[in-house]
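J.: How does the following fold in three dimensions:
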Amino acid sequence: SCHYLDLSLSSNRRLFFGVNEIAVKVPSVFKLLIKEVLNPFYIFQLFSVILWSADEYYYYAVAIVIMSVISIATSLYTIKKQYVMLHDMVAAHSIVRVSVIRDNNEVEEAMSTDLVPGDVMVIPSNGTIMPCDAVLISGTCIVNESMLTGESVPVTKTNLPNPGEKGAEGDGVYNMEDHKRHTLFCGTNVIQTRFYSGEQVKAVVVRTGYSTAKGQLVRSILYPKPTDFKLYRDAYMFLLCLVAVAGIGFLYTIVVSIMNKVPAKTIIIESLDIVTITVPPALPAAMTAGIVYAQRRLKQIGIFCISPQRINICGQLNLVCFDKTGTLTEDGLDLLVKSQFVACMATCHSLTKIDGQLSGDPLDLKMFEAAGWVSHPCPIASYEIGIVRQFPFSSALQRMSVVTRTLGEKRMDAFLKGAPEVVASLCKKETVPEDFAEVLEDYTKQGFRVIALAHRRLESKLSWHKVQNVNRDHIEVNMEFLGLIIMQNKLKAETPGVLEDLRQANIRTIMVTGDNMLTAISVARDCGMILPQDQVIIADALPPKDGQAAKINWRYADNPTKHSSKATRLEPEGPKVQEQYHFAMSGKAFAVITDHFQDLLQRLVLHGTVFARMAPDQKTQLVEVLQSVDYFVGMCGDGANDCGALKRAHGGISLSELEASVASPFTSRTPNISCVTNLIREGRAALTTSFCVFKFMALYSIIQYISVTLLYSYTPCVCVCVCVCVCVAVSLNPAWKELVPRRPPSGLISVQLLFSVLTQILICLGFQIFAFLWVGQQGWCPNWISNSNDHNIKNYENTTLFFVSSFQYLIVAIVFSKGKPFRQPSYKNYIFSSLYYVFSQTDFIYIVNTFMCTKYIACIMCPQVHLCCLPSPSTSFCCSSCFIPSEPLMSFWR
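T.: Predicted coordinates:
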């Protein structure tokens, strides 16, 4: 019997567990603003603006203020929108009225916020949104869990079995993971309820508030795990290097200013100005621009993201795991059967009628269609069968069963459906055909999905009440084998092409499925995951038994007679592993290898391609093992039983009709795996954009640093406003149309990237020093004497370096705005091209127009013929570096 809580005990528990509420308060704009502006980089920007204003550097200060205001406003809008969406998501069940049974067996109405663990609530027959995690103790519920799992097919929840004999399933302490088929999770939608003999559908509250499954997911969204990506670590290291460079310039400026007898106030301002020039405060915001635009492009093609920082990581994916059914293959199945097992097919299923339409597992739907029960319902039933109790399908057990009673009969029947090898092991040996294994292998090798059926006539002493309390292990024994249902699981039309694209891009693909081993291997061959000439080696691992150590047997999938003759513990001398070999193993073998052959596990997964009969937790373990051998792992599935793997992977993509699912970082509305290549392409483009922006910002700072350091001996002011527009525009390049065999670098500390940056620094430094010294040697350039109190003094050196550096900014933007092979060419980025044209033409106009140069930028003009010659060598040399192939040059240094 169930123990009901009285009001006093409920109140005491409420003091301990707290209010049943997932409180997502939407902070005010003022609070968000304070939190945003306290960011160290915004504080640094504020310091820079104050310093530039004190130095009468108003134009650039205003530009930075405008950029910061736009950045802060955009950030506030995005954060506010996310808080509102999250608040609306949890508000649906935050405060609802529920029916609770008290200790006097009376049902009273209460607010959902008052629920505590131990309360027994009544689930209404018309459904509800669950306000807590609760375990069913009576009745059955049809639940839509798409918000949690991304799986749009409703699932059946049955009541928790009563404890039976010792060691039987369902005994011991309740565990949410082990008993999730009996658990109603917070936030899920109960569509229908079923009950017998007028009994209420009751559930015991087990978790409330942030302890619920949804509460934990909301917490993970509010406080996400920091993304540990090499790019971001290297970016901060590079900033520290720039700080060190700024320190050198800081000391140099002080020394030169003292030698020139500059006032102390000016020395302080100008030396600190060097720091603000060298360390670009807008760098972090500029590097996220590529991610923002990539997220927008992904949304346009139906891919939604709840973790934008993972877009960059997806550019590094070099291995993708795929679920089979519903991902690589169609959800629908074509039935290939010569005889019908009417009773078993009619009862052993998870279908339910919702709004007049059958809904449930696609396999069960196809069975009904093949039997003609969907399109042509029988007007007159020859006999009726009622389902007394259902034991739902379990991925771990690989089977489901029902207890039924035919109308007019007293005795009950049990029907079992599941994986053929599992069903056969639960049947009487004499009822299983002798050629069972051969027939099963024949069909699975052809890629068919095979389901076995079994039946048992139950004892007459089993009454309805006893059946409700009996353990499934008592029902699913001594069954009589009925036969096999053969289903054809067709590949989706897009699958072979996408897998070929991934193979051409040197991205490894793996199948992780709960289906039969040979069926999975056949599908892997059909879709091109395993090439026709490749060999498949099946690893059969056996656990320790009767004092013998665990062992692994090897056999070829296409030639079962050819296998290892030794059944001893595998040592390093196993089958010779070559690239044309693929390992395949079952979930049981994977578990044994994980427990007893840790030294071989990593070697096996390096060449493993098919992992069959895998439980949900094993899929997660596999992803972790692959990550331990330095793979960047992607995972694509439907979210039904691979939520853990989708979350654990670097890039998890759930195929779902929802805009966003907390089951994975990415959700695709496109019901095929083409989303994988789209995500990787956009990830590579975003990652390349981050590098482009980083290199441009670094060079921009260094160019200005060199100019200002050289000119501080003449105390001028250099004003350049190209940076902001270029950073925004250069991020707009779309992704390249196809995947290429190589990936962009994962970090900034790479030979190629450092070589390109240092080369451009040396080029810019060389031409600025050359221009600075060359102008000073000309006869028309007078020697400057510090005899004026004017802070801004016109001189030829200032004009020369201004124009040289202006062209260098534009040239560096072109040099680092690489397109192919990860992004579209820059000339297709019309905004960038237009801005580049405007800025370059503006520079040329200032060079050739003495009036505009003197009037608007307050520069003294050099003789035009000489000034025009100064940017030319720098321009031609830097532009030529755009066309020098870097790969051959890099191979020389390797």
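J.: so where's the stretch 51-200 of the chain shaky on pLDDT?
T.: Along the stretch 51-200 of the chain, segments meeting pLDDT under 70 span 89, 92-94, 146-153, 162-172, 196-198.
J.: Sketch out the helices for it, chain order is fine.
T.: Here the stretch 51-200 of the chain has its helices, by DSSP state H, counting those that start in this stretch, at 58-94, 146-149.
J.: So which of those has the densest surroundings on average?
T.: helix 146-149 (a mean of 22; mean count of other Cβ atoms under 10 Å). C-beta here means a position set from N, CA and C on the backbone, and glycine is covered the same way.
J.: Format the helices of the stretch 51-200 of the chain as a markdown table; extra columns: distance to residue 37.
T.: Below are these laid out as a markdown table (distance: least, Cβ to Cβ, whole Å):
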| stretch | distance to residue 37 |
| --- | --- |
| helix 58-94 | 7 |
| helix 146-149 | 35 |
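J.: Which of these sits closest to residue 202?
T.: helix 58-94 (18.6 Å; Cβ to Cβ).
J.: how far is the closest one from where the chain is centred?
T.: 23 Å (Cα atoms, centre = their mean, to the nearest Å).
J.: Tell me which residues of stretch 443-450 come out buried.
T.: Across stretch 443-450, burial judged by 16 or more other Cβ atoms under 10 Å covers 443-445, 447-450.
J.: make that stretch 550-560, sorry
T.: For stretch 550-560, by 16+ other Cβ under 10 Å, it's 550-555, 557.
J.: now the end-to-end length of stretch 473-485.
T.: 24 Å (Cα to Cα, to the nearest Å).
J.: For it, what is the distance to the chain centroid?
T.: 41 Å.
J.: Check stretch 303-323 too.
T.: 5 Å.
J.: List the buried residues for that stretch?
T.: 303-308, 310-323.
J.: Would you mind splitting the chain into its domains for me?
T.: Listed domain ranges for the chain are 7-222, 230-309+680-893, 318-329+492-649, 335-428+454-479 (source: automatic domain parsing).
J.: Most tightly packed of those domains?
T.: Comparing these by mean count of other Cβ under 10 Å gives domain 318-329+492-649 as most buried, with a mean of 19.
J.: for that domain, what is the average pLDDT?
T.: For domain 318-329+492-649, mean pLDDT is 82.
J.: Could you shift the numbering so residue one becomes 20, and keep it that way?
T.: Sounds good: first residue 20 from here, last item domain 337-348+511-668.
J.: distance between the ends of it?
T.: 12 Å.
J.: and if you look at stretch 149-162?
T.: 10 Å.
J.: Just the pLDDT at residue 439, thanks.
T.: Value listed for residue 439 in the pLDDT field: 91.
J.: now the one 4 residues further on
T.: According to the per-residue confidence, residue 443 scores 92 in pLDDT.
J.: Can you name the residues that contact the nearest residue to residue 250 once chain neighbours are set aside?
T.: Nearest residue to residue 250, sequence neighbours excluded (Cβ to Cβ, 6 or more residues apart in numbering): residue 766, at 5.6 Å. Contacts for residue 766 (Cβ atoms under 8 Å, 6 or more residues apart in numbering) come out as 249-250, 252-253.
J.: at 7 Å what do you get?
T.: 249-250, 253 (Cβ atoms under 7 Å, 6 or more residues apart in numbering).
J.: What's the separation between residue 489 and residue 220?
T.: 20 Å (Cβ to Cβ, to the nearest Å).
J.: With residue 610 instead?
T.: 36 Å.
J.: so residue 148 makes contact with residue 208?
T.: Yes: using Cβ atoms under 7 Å, residue 148 is in contact with residue 208, at 5.5 Å.
J.: For the nearest residue to residue 193 once chain neighbours are set aside, give the beta-bridge partners.
T.: Excluding its sequence neighbours, the residue lying closest to residue 193 (Cβ to Cβ, 6+ apart) is residue 154, at 6.3 Å. Applying DSSP bridges to residue 154 yields these beta-bridge partners: residue 202, residue 223.
J.: In contact with residue 154, which residues?
T.: Counted by Cβ under 7 Å, 6+ apart, residue 154 has contacts 179, 193, 198, 201-202, 222-223, 225.
J.: what does residue 647 give?
T.: residue 621.
J.: Over to residue 305?
T.: With Cβ under 7 Å, 6+ apart, residue 305 has these contacts: 712, 716, 746.
J.: Nearest residue to it in space, please, no chain neighbours.
T.: residue 746 (4.3 Å).
J.: The one you found - that's part of a strand, no?
T.: No: counting by DSSP: H, G, I helix; E, B strand; the rest coil, residue 746 is not found in a strand; it is helix.
J.: in terms of contact, does it touch residue 712 like I think?
T.: Yes: Residue 746 lies in contact with residue 712 (Cβ under 7 Å); the separation is 5.6 Å.
J.: Touching both of those two, which residues are there?
T.: In contact with both residue 746 and residue 712: 305, 308, using Cβ under 7 Å, 6+ apart.
J.: For the closest residue to residue 408 other than its chain neighbours, give me phi and psi.
T.: Leaving aside its chain neighbours, residue 408 sits nearest to residue 422 (4.4 Å; criterion: Cβ to Cβ, 6+ apart). Phi and psi for residue 422, reported as degrees, to the nearest 10, are phi -110, psi 130.
J.: Extract the CA atoms of stretch 92-101 and return them as CSV.
T.: Provided in CSV are the C-alpha atoms of stretch 92-101 (Å, rounded to 0.1, in the frame of the first residue of the first chain):
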residue,chain,number,x,y,z
ALA,A,92,23.1,47.0,-26.7
THR,A,93,23.3,44.0,-28.9
SER,A,94,24.6,41.8,-26.1
LEU,A,95,21.9,43.1,-23.7
TYR,A,96,19.2,42.4,-26.3
THR,A,97,20.5,38.8,-26.9
ILE,A,98,20.9,38.1,-23.2
LYS,A,99,17.5,39.6,-22.3
LYS,A,100,15.8,37.5,-25.1
GLN,A,101,17.5,34.3,-23.9
